[in-house]
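S.K.: Need the 3D shape of this:
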Amino acid sequence: MSGGLYSMEEKDFDKNLNLKAIKPYGDTMNDGKVQLSFTLPVPAGDEAVEAAKQLIKAMGLNNPQVVFFKELTPGFTFFNCYGSATQTVDFTAIHVPKVESNVMDMPATDEYIRENIGRKLVIVGASTGTDAHTVGIDAIMNMKGYAGHYGLERYDMIDAYNLGSQVPNEDFIAKALELNADALLVSQTVTQKDIHVKNLTELVELLEAEGLRDRFILACGGPRITHELAKELGYDAGFGMNTYADDVASFIAEEYVRRHNKK
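M.R.: The predicted structure follows:
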């Protein structure tokens with residue numbers, strides 16, 4: 001079931017790291033090796049393997065290799081493949097918008113809130129819309145937290161309310177008003193057909209329609225959320241992979257102080 005496990009390609013490429021022209025790394029600098037997987041709507045067989053190779057070539061990859069394939073169901077075949085990238089990226093020219101805050105641990109954040117705000121911050125979070133996943137919002141809000149980072153419920157100077165999953169945006173806003181929230185956290189895990197973008201946009205539009213947008217610090221998070229996307233959708237911050245309650249709490253505390261110092 002392999003499509004060529006061994007490569008006869010010459011390995012005469014430059015093996016020195018150049019940050020202005022980086023390529024994927026397999027086992028040798030600049031070999032360009034990448035692994036990719038996909039499903040084609042064709043039955044398994046030699047023709048399917050050849051189709052996969054041609055597709056990889058069309059993607060701009062050299063030396064395409066199909067190392068595994070299996071028919072998932074009649075008419076659909078899954079492939080694991082390798083190839084060699086020919087293009088490079090100038091790493092030194094990359095600038096990614098990031099949340100601007102000094103990330104503090106839990107004790108430091110609590111002390112910052114005591115000294116600069118003088119009361120507990122009220123934070124309400126939920127997985128809104130039809131999203132039934134709670135792993136993201138729980139990692140940020142639950143007392144036990146995630147990966148050694150305690151959640152917002154454990155902070156002395158934060159009143160955290162986790163509303164769970166599948167919370168309609170209208171109900172989310174109503175609860176935030178009832179609790180007199182300072183900040184709203186929205187978790188979005190499901191991203192098929194950009195449903196997360198639609199749901200996040202709807203929340204902002206509802207807040208703006210009611211004249212409430214500036215009342216709350218608004219943040220969203222999820223595995224496919226970036227700060228840049230969040231800002232484009234009208235949020236104050238976006239938190240993606242490898243971010244924790246520390247990041248969220250620090251931003252909200254500093255953003256609250258920044259806003260109120262302007263007044």
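S.K.: May I see the buried residues of the helix ranked longest in the chain?
M.R.: If you go by DSSP state H, the chain has its longest helix at helix 245-262. By 16 or more other Cβ atoms under 10 Å, the buried positions in helix 245-262 come out as 245, 246, 247, 248, 249, 250, 251, 252, 253, 254, 255, 256. Where you see a C-beta, it was placed from the backbone N, CA and C, and this is true even at glycine.
S.K.: CA atoms of it as PDB?
M.R.: Presented in PDB, the C-alpha positions along helix 245-262 are these (Å, rounded to 0.1, in the frame of the first residue of the first chain):
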ATOM      1  CA  ALA A 245      -6.200  32.000  32.200                       C
ATOM      2  CA  ASP A 246      -3.100  34.000  33.000                       C
ATOM      3  CA  ASP A 247      -3.200  35.600  29.600                       C
ATOM      4  CA  VAL A 248      -6.900  36.300  29.700                       C
ATOM      5  CA  ALA A 249      -7.000  37.700  33.300                       C
ATOM      6  CA  SER A 250      -3.900  39.900  32.700                       C
ATOM      7  CA  PHE A 251      -5.400  41.400  29.600                       C
ATOM      8  CA  ILE A 252      -8.800  42.100  31.200                       C
ATOM      9  CA  ALA A 253      -7.300  43.700  34.300                       C
ATOM     10  CA  GLU A 254      -5.000  45.900  32.300                       C
ATOM     11  CA  GLU A 255      -7.600  46.800  29.800                       C
ATOM     12  CA  TYR A 256     -10.100  47.800  32.500                       C
ATOM     13  CA  VAL A 257      -7.500  50.100  34.100                       C
ATOM     14  CA  ARG A 258      -6.600  51.600  30.700                       C
ATOM     15  CA  ARG A 259     -10.200  52.400  29.900                       C
ATOM     16  CA  HIS A 260     -11.000  53.900  33.200                       C
ATOM     17  CA  ASN A 261      -7.900  55.900  33.400                       C
ATOM     18  CA  LYS A 262      -8.900  57.600  30.100                       C
END
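S.K.: would you turn the buried residues of helix 245-262 into a markdown table with distance to residue 203 and pLDDT?
M.R.: A markdown table is the format used below for these (distance: Cβ to Cβ, whole Å; pLDDT from 0 to 100):
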| residue | distance to residue 203 | pLDDT |
| --- | --- | --- |
| 245 | 21 | 95 |
| 246 | 24 | 96 |
| 247 | 21 | 96 |
| 248 | 17 | 97 |
| 249 | 21 | 97 |
| 250 | 23 | 98 |
| 251 | 18 | 98 |
| 252 | 17 | 98 |
| 253 | 22 | 98 |
| 254 | 23 | 97 |
| 255 | 18 | 97 |
| 256 | 20 | 98 |
